[in-house]
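Enquirer: Return atomic coordinates for the entry below.
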Amino acid sequence: MITYAESIQRPDAAIFQGYCHLPLDRCVAHIKERLEASDYRTHEVYGSRGESIVNKDSRDSKAITPKHDEDLAFYMYEAVLAYFEQNFAARSSDSLVLAQHEFFAYPRGVGLKMHSDDHALTADGKVLARDEHRGITAILYLNSEFTGGQINFPKQDVSIEPKAGKLVIFPSNKNFRHEVRPILSGWRYSYQRIYGVLKTDGKNVGFA
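Expert: Below you'll find the predicted structure:
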């Protein structure tokens, strides 16, 4: 199945790398507070056959509900919108909608095996399916006090070193499969927002 977002993706769609100059200290402080309070869920990611792709050599990774930061949310939306307009054959009636957003905390030993971001478990918790609400992934790295954790895109021959303030944007589909190398020391904090494309045809409104 090809989702609408994938069907309008330009053949030369690229991986965006930029820098956010907004202060990120509040995000890091919020993550640390939630970790200390044990207010998080275990972050699990699944491959195309429903298998776990989280490489957990030591402890689990943590997913944390973000504290609202209007400036940061607007900055990331504007960056994704510009990326969408440059890398997709969008129509004037198409718009972006937020499908998922979370802070992630990866301790030493945690990484992600090869995957794409448009898969999710169905309601029964067993069968994996393409999630049509996931079209574009944006990852903002919040700190630099760690080693390892590079994100690699083999098909594009791109390897990205995560540093505080670096923003990475790419399509969520199988053409941009990627892996995250295990963290070697420290904790890696990141903010991920995944957007879908809202397709509007007259009275027919739905996710791409």
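Enquirer: what residue ranges in this structure score low on pLDDT?
Expert: Residue ranges of the chain with pLDDT under 70: 1-2, 41-61, 119-130, 200-208.
Enquirer: next SSE after the lengthiest helix in it?
Expert: Counting by DSSP state H, the longest helix found in the chain is helix 70-87. For helix 70-87, the succeeding helix or strand toward the C-terminus, using DSSP states H and E, is strand 95-106.
Enquirer: What strands flank that following strand, and is each parallel or antiparallel?
Expert: Strand 95-106 pairs in its sheet with strand 62-64 (antiparallel), strand 188-201 (antiparallel), by DSSP bridges.
Enquirer: Which residues does it contact?
Expert: 27, 30-31, 34-35, 40, 43, 61-66, 77, 80-81, 84, 131, 133-136, 142, 149, 180, 183, 187-198, 200, 207 (CB atoms under 8 Å, 6 or more residues apart in numbering). Where C-beta positions appear, they are placed from N, C-alpha and C, glycine not excepted.
Enquirer: Give me the neighbour count for the closest residue to residue 181 other than its chain neighbours.
Expert: With CB to CB, 6 or more residues apart in numbering as the criterion, residue 181 has its nearest non-adjacent residue at 4.6 Å, and that residue is residue 150. Neighbours of residue 150 under the rule other CB atoms under 10 Å: 14.
Enquirer: Okay, buried residues for stretch 107-117 please.
Expert: 107-112, 115-117 (16 or more other CB atoms under 10 Å).
Enquirer: Identify the farthest-apart pair in those residues.
Expert: Greatest spatial distance among the buried residues of stretch 107-117 (CB to CB): 108 and 116, at 25.6 Å.
Enquirer: follow-up on the earlier one: just to check, the residue nearest to residue 181 is in contact with residue 162?
Expert: Yes. Between residue 150 and residue 162 there is a contact under CB atoms under 8 Å: 6.9 Å.
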